[in-house]
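Asks: Sharing a model that was predicted from the sequence below.
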Amino acid sequence: MWNAGSFQVEQPRREVPGPERAGAPDGRTEAARREDPLVSVVVPCQNEDASLDALYDATVAALVPAGWEFEIVLVDDGSSDRTWETICALAQRDSRVRGLRLTRNFGGQAATLAGLGAARGQAIVTMDADLQHPPGLIPTLVRHWLAGTPVVQTERRYSVETSRLKRAASRWFTRAFSSVTPVPMTSGSNDFRLLDRRVVRQLLQLDEGEYFLRGLINWMGFPTVVVPFEAPPRAAGVSKYSFAKLFRLGVTGLTAFSVTPLRVGIAVGLATAVLALLELAYGVIQHYRGIAVPGWSSIIVVVTFLFSVQFVLLGLIGDYLGRVYLMSKRRPPYVVSDRTDTDPAEGLSPGRREALPPPRTWTAERVE
């Protein structure tokens, strides 16, 4: 585990390369850029009214002692409770809190993307609102970033309260994802991470249709430090990710980064063809030996199996074609209906491009 208290950082602020003149693509002047906070904390929220005050208190308590300028960007993802009213109240109380309200529930990935587009910080932290991503770990992530690492990913270590089924499903998915895609993913990977401004700019340029941010960030290939943590219990409410939503997110991740499932279908088809030829040869041999070939039930089983394989493959093909169809529409991943300020940088989405800074050399390490 990393000991945040033993890591001393002298530089209070790190400059990020990029356009600093008036008329830059984001419409802000050099003076406006210099007033940007060092750290942005982006939090998607869906029916999290009961936990937002505790989240705000914990985040402020973690960042104020470090002396860094920061902001908290809260994104209301179509909540049906008083989440938006609570966000507005926090924004009125503290100017460092900024809020976005989406027109409906677009999903956690889209809400996170909306927050990334609105964030003004040079380092952007994304986390959940339920306090299972501990705000007290944010200073450790920032210190790694200040040391020169563009992506600081956390690795969730489940507590004893986590069910065995959830742990097994998480392990299975990460292994399957790493096996069938060229993008590595470690067990315990989650959406609690820090991204450098340059990484966010390139992420916002991608046009994916459906987003799987864990895979996209790993796919981009920036050096990464991994910081493990043990997830505490939820502060309030219940998880918004049902099994169906998790399954859909997993399918999205697998099919967005690999065509291996289609190739598996080819392999299954060839294998069944070989088995059919062997069965045919067996039947011919038995016929010439004068032995009747029994097996109406076996024939039915084989035919049913082949039909099931065909339907599975048709479903996979339909999923890939559906992705092409959705991307051809070029719809934005989210729509903002309201916000707590009128900052010109707010609402930045993949449809709005920023100039990219020149390449730079990064160094990285892994924290055990």
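Replies: All right, it came through fine.

Asks: Does Met220 touch Gln202 like I think?
Replies: Yes - counting by C-beta atoms under 8 Å, Met220 touches Gln202, with 6.4 Å between them. In this view, the C-beta of every residue, glycine as well, is placed from N, C-alpha and C.

Asks: Go through this structure and flag its longest helix.
Replies: Longest helix in the chain by number of residues, with DSSP state H as the criterion: helix 296-329.

Asks: Give the buried residues for the next helix or strand after that one.
Replies: Using DSSP states H and E, the helix or strand that follows helix 296-329 in sequence is strand 336-339. In terms of neighbour count (16 or more other C-beta atoms under 10 Å), strand 336-339 has its buried residues at 336, 339.

Asks: any idea of the mean pLDDT in stretch 203-221?
Replies: Mean pLDDT, computed over stretch 203-221, is 83.

Asks: if we can go back for a sec, who does the longest helix of the chain touch, helix- and strand-wise?
Replies: For helix 296-329, the contact count by 3 or more C-beta pairs under 8 Å, 6 or more residues apart in numbering; DSSP states H and E identifies helix 243-257, helix 260-288 as packing neighbours.

Asks: Worst mean pLDDT among these?
Replies: Ranked by mean pLDDT, those end with helix 243-257 at the bottom, a mean of 62.

Asks: Enumerate every residue touching Val142.
Replies: Applying C-beta atoms under 8 Å, 6 or more residues apart in numbering, one finds that Val142 lies in contact with 38-39, 66, 68, 123, 125, 194.

Asks: And for Ala89, the neighbour number?
Replies: 17 (other C-beta atoms under 10 Å).

Asks: Quickly find the element holding it.
Replies: Assigned by DSSP H and E, Ala89 falls in helix 83-93.

Asks: Report the buried residues of that helix.
Replies: 83-84, 86-91.

Asks: what are the ranges of the strands in the stretch 51-200 of the chain?
Replies: Taking DSSP state E, counting those that start in this stretch as the test, the strands found in the stretch 51-200 of the chain are 70-76, 97-102, 123-126, 151-157, 189-196.

Asks: what about the longest one, average pLDDT?
Replies: Yep, that's strand 189-196 we're talking about. Here strand 189-196 scores 92 as its mean pLDDT.

Asks: That strand vs strand 151-157, what angle?
Replies: 160 degrees (axes from the mean of the first three to the mean of the last three C-alpha atoms, to 10 degrees).

Asks: how about strand 189-196 as CSV, C-alpha atoms only?
Replies: Output in CSV follows, covering the C-alpha atoms of strand 189-196 (Å, rounded to 0.1, in the frame of the first residue of the first chain):
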residue,chain,number,x,y,z
SER,A,189,-10.2,-2.1,-12.1
ASN,A,190,-12.9,0.6,-11.5
ASP,A,191,-13.8,4.2,-12.4
PHE,A,192,-11.9,5.8,-9.5
ARG,A,193,-8.9,7.3,-11.3
LEU,A,194,-7.0,10.5,-12.0
LEU,A,195,-6.4,11.6,-15.6
ASP,A,196,-4.0,14.3,-16.8
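
Asks: Packing partners of it?
Replies: Where contact means 3+ C-beta pairs under 8 Å, 6+ apart, strand 189-196 is packed against helix 108-118, strand 123-126, helix 138-146, strand 151-157, helix 213-220.

Asks: is it possible to export those to CSV including distance to Leu278?
Replies: Converted to CSV, those look like this (distance: least, C-beta to C-beta, whole Å):
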stretch, distance to Leu278
helix 108-118, 46
strand 123-126, 54
helix 138-146, 58
strand 151-157, 47
helix 213-220, 40
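
Asks: Point out the most buried one among these.
Replies: strand 123-126 (a mean of 27; mean count of other C-beta atoms under 10 Å).

Asks: packing partners for that one?
Replies: Helices and strands touching strand 123-126, as assessed by 3+ C-beta pairs under 8 Å, 6+ apart, comprise strand 39-45, helix 108-118, helix 138-146, strand 189-196, helix 197-205.

Asks: Nearest to Asp319 among these would be which one?
Replies: helix 108-118 (17.0 Å; C-beta to C-beta).

Asks: relative orientation of that closest one and strand 39-45 in degrees?
Replies: Orientation of helix 108-118 against strand 39-45 (the same axes, to 10 degrees) gives an angle of 150 degrees.

Asks: ok, Met327 - how many residues close by?
Replies: Per other C-beta under 10 Å, the neighbour tally for Met327 reads 13.

Asks: same question, the one 3 residues further on
Replies: Other residues lying near Arg330 total 10 when counted by other C-beta under 10 Å.

Asks: how near is Ser40 to Ile299?
Replies: Using C-beta to C-beta, to the nearest Å, Ser40 is found at 63 Å from Ile299.

Asks: neighbour count winner among those two?
Replies: Comparing Ser40 with Ile299 by other C-beta under 10 Å, the one with more neighbours is Ser40, at 27 against 12.

Asks: Check that one and give its pLDDT.
Replies: Ser40 carries a pLDDT value of 97.
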